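[1] how does the following fold in three dimensions:
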Amino acid sequence: MFNDTFHDSEGADEGRAIGDLVRSLLLEMSDDEVNVFSFGLSDGDHAIGACVFSKLLFSANPSSVWLLAPVAVATAHQGKGIGQAMIRSALESMQNDHGAEIVLTYGDPAFYGRVGFRAISETDVPAPFPLRYPEGWLGHHLNKGSIGPWTGPCRCVSAFKDPQLW
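    The predicted structure follows:
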């Protein structure tokens, strides 16, 4: 589903890249230490939406920080509020069931702003790699606190250790 959704919106190369990223993230779900969670919606036998959370570690921040990426809603189901509802439900589960305090994402500020994300500075909260579109670096403190400033490097799961993704 990720491959098709990103192919439809961003082109074939992006569809393949995101499909490969998701496969790598799902492989990391089988590690002994749980650093990746996925959530999805289906309509019978067909996936219509999915999102993935992966652990981020900051050397100078003890909070439970997660990256929400990627997120996809099947093209035929977009524009119906499905993505927003899925993200809200997934954020609630991450907070209540997995102790998440802060969630970061790298995407469209207009879309993610509808579910509580706000722009953050790469200076205050460093990304794992330099960002091509720093305006897309967004954060959501699930306990209504502040985010950053944090010093030191940010470490991500293996699947995101490709600077081209950032």
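[2] what ranges does the protein have for its helices?
    Residue ranges of the helices in the chain, as given by DSSP state H, are 2-10, 12-28, 82-98, 109-113.
[3] buried deepest among those, which one?
    Of the helices of the chain, the one with the most neighbours on average (mean count of other C-beta atoms under 10 Å) is helix 2-10, at a mean of 18. Just so you know, the C-beta spots here come from the backbone N, C-alpha and C atoms, and that holds for glycine as well.
[4] what packs against it?
    Packing contacts for helix 2-10, counted by 3 or more C-beta pairs under 8 Å, 6 or more residues apart in numbering; DSSP states H and E, involve helix 12-28, strand 61-73.
[5] what's near enough to touch L142?
    L91, M94, Q95, A100, E101, I102, V103 (C-beta atoms under 8 Å, 6 or more residues apart in numbering).
[6] what about the fourth one, how many residues nearby?
    Spelled out, that is A100. By other C-beta atoms under 10 Å, 24 other residues sit near A100.
[7] right, and it touches S64 too?
    Yes. Between A100 and S64 there is a contact under C-beta atoms under 8 Å: 5.2 Å.
[8] as CSV, could you dump the C-alpha coordinates of stretch 157-166?
    The C-alpha coordinates for stretch 157-166 follow below in CSV (Å, rounded to 0.1, in the frame of the first residue of the first chain):
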residue,chain,number,x,y,z
VAL,A,157,16.6,3.0,13.8
SER,A,158,18.7,1.4,11.0
ALA,A,159,16.0,1.8,8.3
PHE,A,160,16.3,5.6,8.6
LYS,A,161,20.1,5.7,8.4
ASP,A,162,20.0,6.9,4.8
PRO,A,163,20.6,10.7,4.5
GLN,A,164,18.5,10.7,1.3
LEU,A,165,15.4,10.1,3.4
TRP,A,166,15.9,13.3,5.2
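[9] list the buried residues in it.
    The neighbour-count check on stretch 157-166 (16 or more other C-beta atoms under 10 Å) flags V157, A159, F160, L165, W166 as buried.
[10] that concludes my questions; thank you for your assistance.
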